[in-house]
Each structure stands twice: as C-alpha cells, then as structure tokens.
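Participant: Need the 3D shape of this:
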Amino acid sequence: MRVLDFVIEKASEIFAPQGILQQGAIAVGGGDLVYVGSAEGLSEACAALGWREGRKTRHIDATGCLITPGLITPHFHLFFPENAASDRADAERLRQGRIEATQKASLRELMALGRKRLDRMLSCGVTVVESHSDDGLQFETQLKILEAGRQLDASHAVDVLNCFSLETLPPEFSDRRQAFVDSFCSDWLPRLAAEQFIDICSISVKDGALSLKEAQKIATFAQSLGIAVKLCGDRKNALKIAEFASKIGAIAVEGLAQVSDAGMEALASSRITAVLWPLDAFFKAEAQALARRLSDASLPVALSPHSDCCICENPQFCMTLGVARLGLSPKEALESVTCNAAKALGLEETRGQLLAGCPADLVIFDTPSLQQLPYRFGLSQAVSVIKDGEVVFKKDA
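Facilitator: Residues are numbered from 1 along each chain as shown. Below is the predicted model:
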C-alpha cells in the first residue's frame, strides 16, 4: 500500500462539495486529495483506495480552523505598474500611464514585479491566477507580458494562466479594423497558440474595441486552435453581451452591470460564469443588484479583484465586498473565489473543490467558520497554503 503524505485533522469546518464538514479530516497522497470526510471514516476509506498512514505521514492539527479549496483569481493584471494606482478622475490618463510604464519595463523588471505580487497572493491563499496582457497594448509588449507570465508559472507555486486581452485596438490599427481582425487571426493567434503563450483569449466588445461580428470571428478562430474564450462588455452593451457569450460558446463573461431576461436565459442554458468586479462597487459606493439576481437564478458568479484604479491581491477582501456590497451570502462569496472562479477559467474538473482525486490545493484559515471569514478583513486569515500536495506557505507564529 502507498503511504499518505499527510493528514489534516480536527478542522472546525471543511468546505467540501458535499457540504460543510465539522471536525472532519483530509488525507493527501501523491499530490492529490485521497480523502475528504469524517475523521472516523478516514482509515477505512484510504485503505480501500490502497493508502495507509506510515512513519513519514505528517499530521497537521487544524483545531479551530476553516479549510477551503485554494483560492482562484479569475481576472488579474499581474504586471499592473506599481505607481499606477490612483483615483478615477482621469481614467484615460491613468490607462496611458499604465501602458507606457509597461512598455518601458524590461522582462526582468516585469518578472520581479509579478513574483512579488504572487508571493503576496499566495500568503492570502491564492493558488491559481489568470494574468491579463492588455497593460501592454502593442503586440510585442503583450508578448513580453505573456513570456513573464509563462516563466513565473514554471517557477512559482501559484499557477499562472496567461490571458491575451483584446481590450482596445492597437493604435496602428485604429482606422483599419478589418485589417486588425485579419492580422490577428492569420498571424498573431497561430503564433500565440504554436508557442503555447496563452491559455485564454479575452475579447472586449465595447466602444473603442471590437464589434460583435468582429468578436465572433476571432472567437471562432481561437476556439479552433484550442484556446478558450471569454467576453468582456460594459454598461452600454451589458444587456446583449450575455446572449452573445452564449451564442459563441464563451466560458465566462465579464464587465456586466445588468443582464436582460433573454440574457439570463442564455446564461442559464449554457451555464456561463459571470465574473463580477466588486472593487468597482466599492470605489463607486454603489451596490450591484446583478450578483444577487444571478445567484437567485442558481447561475455561477465569480469575483475578481480587477479594477482600473487600484490593486488588490487578496480575494478575501473580494469576499467581504461580495457580502457587504453585492448581497451574496458567505457561502456564495466563497464559491465565487473557488469553484465558480475555477469554472470561469475552464478548470472546474480539477481545481476549486476539495474532492478526492483532485490536486491537493487548499487553504487553512485562522477562523473557525465560513460564516465569519468575510467579516475578518484587513489582514489575511490564511495560516497555511498547500499546493499540489506541498505546503508552500506557512504563516509565522
């Protein structure tokens, strides 16, 4: 029989697919979850699967703690310049400053910035992050961002998924829209796919970006290359973007402020995840009724710390905003940064859930209850983070 790597015992609560487990236990072996359930059933269940405890099996005491899946950030600008955070008074000036700073940065400088951010995100419980490239705008600069993401994914404990972002048309194509679409499909996308630069392509459909027809052509071509597609809209086209996302087979839709009844039906039939940006609600001092409407319809909602004016590396704060501003319950807020966030990235089969057979990505929080987690903010409550069966972060006593 194989020997378990470690067993986590005496957890106050475990957030598992079968519900909240109290005083449960988790067994890990070979980098995967072997068992998640009651403490009494651990030995028998593990033995039935060919696993046992041995002298090298470590025991982790989680008394008084909550255990959740590793947290997932479904939209993040990992290389957002450090000096770019500001108020929203001049959004275009802020955007241009971000682009210029990113274009001037070397690959080495971008990697140093990204690594520092990943370290902080890991200490907050993040095990997967989707990194967007549109801070570069120009294709060659976006390639530099994607290369930094690819190297960090290979060297850091946090998984980095590269997302090529079509946020706006490059300046050289501002008056040649069709030429851009043709060039992107015939040259850029094949190159990105062949060199395995990207996992996802995010297409913005709004003023200054692509039309629905142009977005559909790019989405279809990207999917033919095995690249997943997400859509990003804005307040002006929010009513129809959800319907369009369902039509083209997008895995997620972002930037929604409202959804039509037809859009709700389209999301329900396709089970597309809506990724909301609670930091916008925070800085605009407004609530977003959309989150509650989507959840009441049993549609998956994910939360992202994305914002044009600030940097947030802690998804626990997104949970707090989800409860305080968006009307989510603590359970729904946690799902928005675990299982639903995994679905928004096409990872729902392996990440975002504590299920036997899945990779052992989990967080031990210094709080006894899921109900309390959103109400303990300001500092990270994560005391240990386990990634692929290895303890990759442990808070100093």
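Participant: give me the low-pLDDT residue ranges for this structure?
Facilitator: 82-96, 135-137, 207-208, 234-239, 284-287, 397 (pLDDT under 70).
Participant: the domain parsing of it - what is it?
Facilitator: Per the record, the chain has its domains at 2-68+354-394, 70-344, by automatic domain parsing.
Participant: can you tell me the distance between the two ends of the first one?
Facilitator: Terminal residues of domain 2-68+354-394 are spaced 26 Å apart (C-alpha to C-alpha, to the nearest Å).
Participant: next one: it to chain centre, how far?
Facilitator: In terms of C-alpha atoms, centre = their mean, to the nearest Å, the centre of domain 2-68+354-394 is set 21 Å apart from its chain centre.
Participant: give me the element K343 is part of.
Facilitator: If you go by DSSP states H and E, K343 is part of helix 339-344.
Participant: Take the domains of the chain and lay them out in TSV including mean neighbour count.
Facilitator: Heads up, the C-betas are built off the backbone N, CA and C, glycines and all. Listed next are those as TSV, based on neighbours: other C-beta atoms under 10 Å:
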stretch	mean neighbour count
domain 2-68+354-394	18
domain 70-344	20
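Participant: What lies in contact with the helix or strand just after the helix holding K343?
Facilitator: The helix or strand immediately downstream of helix 339-344 is strand 362-365, counting by DSSP H and E. Strand 362-365 is contacted by residues 8, 11, 26, 33, 60, 62, 65-71, 125, 127, 354, 373, 381-386 when judged by C-beta atoms under 8 Å, 6 or more residues apart in numbering.
Participant: Paired strands for strand 362-365, with orientation please.
Facilitator: strand 66-69 (antiparallel), strand 382-387 (antiparallel) (DSSP bridges).
Participant: nearest to G50, of the ones you listed?
Facilitator: Nearest to G50, of all those, is strand 382-387, at 21.6 Å by C-beta to C-beta.
Participant: where along this protein do the helices fall?
Facilitator: For the chain, applying DSSP state H gives helices covering 42-48, 91-104, 107-123, 139-155, 177-183, 189-194, 212-224, 238-248, 261-270, 278-283, 289-296, 315-324, 330-336, 339-344.
Participant: Kindly reformat the ones you listed as CSV containing distance to P305.
Facilitator: Shown next, in CSV, are these (distance: least, C-beta to C-beta, whole Å):
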stretch, distance to P305
helix 42-48, 36
helix 91-104, 16
helix 107-123, 9
helix 139-155, 17
helix 177-183, 30
helix 189-194, 25
helix 212-224, 25
helix 238-248, 20
helix 261-270, 22
helix 278-283, 6
helix 289-296, 15
helix 315-324, 5
helix 330-336, 11
helix 339-344, 11
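Participant: who wins for proximity to V391 among these?
Facilitator: Nearest of these (C-beta to C-beta): helix 107-123, 11.4 Å.
Participant: which strands and helices sit next to the closest one?
Facilitator: strand 126-132, helix 139-155, strand 382-387, strand 390-394 (3 or more C-beta pairs under 8 Å, 6 or more residues apart in numbering; DSSP states H and E).
Participant: closest one to S204 among these?
Facilitator: When the helices and strands packed on helix 107-123 are compared (using C-beta to C-beta), the closest one is strand 126-132, at 10.7 Å.
Participant: how near is the residue nearest to G54 when sequence neighbours are not counted to K56?
Facilitator: Nearest residue to G54 in three dimensions, chain neighbours excluded: V3, at 3.7 Å (C-beta to C-beta, 6 or more residues apart in numbering). Applying C-beta to C-beta, to the nearest Å, the value for V3 to K56 is 6 Å.
Participant: just S384 next, same as before
Facilitator: In terms of C-beta to C-beta, S384 sits 19 Å off from K56.
Participant: repeat for G357
Facilitator: According to C-beta to C-beta, G357 stands 22 Å off from K56.
Participant: again with L146
Facilitator: Counting by C-beta to C-beta, the gap from L146 to K56 is 40 Å.
Participant: Save the helices and strands packed on helix 107-123 as TSV, and put in distance to C318 too.
Facilitator: Output for these, formatted as TSV (distance: least, C-beta to C-beta, whole Å):
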stretch	distance to C318
strand 126-132	11
helix 139-155	21
strand 382-387	14
strand 390-394	19
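Participant: you'd agree A242 is up against M264?
Facilitator: Yes. A242 lies in contact with M264 (C-beta atoms under 8 Å); the separation is 7.3 Å.
Participant: quick one, what contacts L294?
Facilitator: V259, M264, L267, A274, V301.
Participant: Revised request: answer the last question for T350.
Facilitator: Contacts of T350 (C-beta under 8 Å, 6+ apart): A342, C358, P359.
Participant: any idea which of those is closest to A39?
Facilitator: C358 (20.2 Å).
Participant: Distance of the closest one relative to G70?
Facilitator: 10 Å.
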